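>>> give me the fold of what follows.
(one chain, ligands or ions: 1)
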Amino acid sequence: MKKHQVRIDTDKCVGCGICVKTCPAHNIELKNKKAKIILDDCLMCGQCTAVCPKEAASISGYEHEDTYRNPEVRLDPPAVLDTIRFRRSIRQFRDKKIPKEIMDQILEAGRLTHTAKNMQDVSFVVLDKEKDNIEQMAVRLFQKIKPAVDLISPMARRNKIDKHFFFFRAPTVIVILAKNKTNGILAAQNMEFAAEANGLGVLYSGFFTTAANHSFKIKKALKIPRGKHAAMTLVLGYPDVKYLRPAQREPLDVRYL
Ligand SMILES: Cc1cc2nc3c(=O)[nH]c(=O)nc-3n(C[C@H](O)[C@H](O)[C@H](O)COP(=O)(O)O)c2cc1C
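All right, here's what the predicted structure looks like:
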């Protein structure tokens, strides 16, 4: 039997057809004025359970209770844009641990993020006791390839690969694993918002992510399961720097056709 199944409670179903209209997999029909699931093979996205006004549709096999959305909670559009405008990559961190409740919120933001085909393929590795050890594996790898990179990049030549090249002494690092890279990156962005809302600063470490995907030793240390890759690495902590002005960006490049 499949781990999850969509079910319709025909006693509760009033045949309104909202689920039929909403289901992106076209997997519900109305039969004798009741919703009926056509095939077991479905995205399990739960759009039907979220729109059903009578709680007639459900998905089995999830341990979390469904909750209702509070219509009072709304994002303030200017505040959202300002958050995006003023966020900066943080590379200077205070020597302060991130409380567990905040870490839980950040990980929850990742867990809740939507995935292509509802794959739910994203998982997380929080680097704690092993952080320094694993960072040094990446440092050794980059030190080894640096002479070759220096030949072609003046910027690389100016940069020393020191002990803190990847994590900048941040208290916490989260490596996001996924089968589909886009899914992992979407989770990363939501996690960054959750972190920023708690006064934290974030750095996306593309360098460490690359090191993780190219080093058998790091893959093993991170216990990356078969079929998954590091999609992104978030370096997190309380900023020890204040940015007063936003990043400058090129003008909007958009075409309406
Ligand atoms: C996908 C991605 C990977 C990045 N990887 C690194 C990295 O490995 N090391 C680093 O110092 N900065 C990294 N950055 C930060 C960028 O350099 C930074 O976002 C850019 O210079 C703009 O600066 P800002 O984020 O402060 O606006 C990364 C950013 C992104 C979006």
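>>> do stretch 230-243 and the ligand meet?
No - using CB under 6 Å from any ligand atom, stretch 230-243 stays clear of the ligand, coming no nearer than 6.6 Å. To be clear about C-beta, it is placed using only N, CA and C from the backbone, and glycine gets the same treatment.
>>> buried ones in that stretch, by neighbour count?
Within stretch 230-243, the residues scored as buried using 16 or more other CB atoms under 10 Å are 230-239.
>>> before we move on, what about stretch 204-223?
204-205, 208-209, 211-212, 215, 218-219, 221-222.
>>> what's in contact with that stretch?
With contact meaning CB atoms under 8 Å, 6 or more residues apart in numbering, stretch 204-223 is reached by 89, 125, 130, 133-135, 137-138, 141-142, 165-167, 173, 175, 177, 188, 192, 224, 229-235.
>>> the ligand contacts on this protein?
88-89, 91, 203-207, 247.
>>> where do the helices sit along the stretch 151-257 of the chain?
For the stretch 151-257 of the chain, the helices defined by DSSP state H, counting those that start in this stretch cover 154-158, 181-197, 206-214, 216-222.
>>> could you check the angle the third one makes with helix 181-197?
Between the axis of helix 206-214 and that of helix 181-197 there is an angle of 140 degrees, by axes from the mean of the first three to the mean of the last three CA atoms, to 10 degrees.
>>> from residue 208, how far off is residue 231?
12 Å (CB to CB, to the nearest Å).
>>> let's check: the centremost residue of this protein is which one?
Nearest to the geometric centre of the chain sits residue 187, at 1.2 Å (CA atoms, centre = their mean).
>>> any chance you could map the helices in the stretch 1-150 of the chain?
18-22, 47-51, 77-86, 100-112, 131-152.
>>> quick one: buried residues of the second one?
Burial within helix 47-51, assessed by neighbour count using 16+ other CB under 10 Å, is assigned to 47-49.
>>> relative to the ligand, which of those residues is nearest.
residue 47 (30.4 Å; CB to the nearest ligand atom).
>>> for residue 160, state which of the buried residues of stretch 230-243 is nearest.
Using CB to CB, residue 235 comes nearest to residue 160 of the buried residues of stretch 230-243, at 18.1 Å.
>>> gap between the closest one and residue 156?
Residue 235 is 20 Å from residue 156, by CB to CB.
>>> which other helices and strands contact the worst-scoring helix or strand of the chain on mean pLDDT?
Across the helices and strands of the chain, mean confidence by mean pLDDT, DSSP states H and E is lowest for helix 154-158: a mean of 92. On a contact count with 3 or more CB pairs under 8 Å, 6 or more residues apart in numbering; DSSP states H and E, helix 154-158 meets helix 131-152.
>>> which elements pack onto the helix it packs on?
helix 154-158, strand 172-178, helix 206-214, helix 216-222.
>>> export these to TSV and tack on distance to residue 11?
TSV is the format used below for the helices and strands packed on helix 131-152 (distance: least, CB to CB, whole Å):
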stretch	distance to residue 11
helix 154-158	67
strand 172-178	40
helix 206-214	50
helix 216-222	48
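>>> quick one: closest of the ones you listed to residue 75.
Going by CB to CB, the one of these nearest residue 75 is strand 172-178, 23.4 Å.
>>> centre of the chain versus that closest one, how much separation?
9 Å (CA atoms, centre = their mean, to the nearest Å).
>>> number the residues from 59 up from this point.
With the count now opening at 59, the last piece we talked about shows up as strand 230-236.
>>> show me the contacts for residue 246.
Counted by CB under 8 Å, 6+ apart, residue 246 has contacts 168, 234, 262, 289-290, 292.
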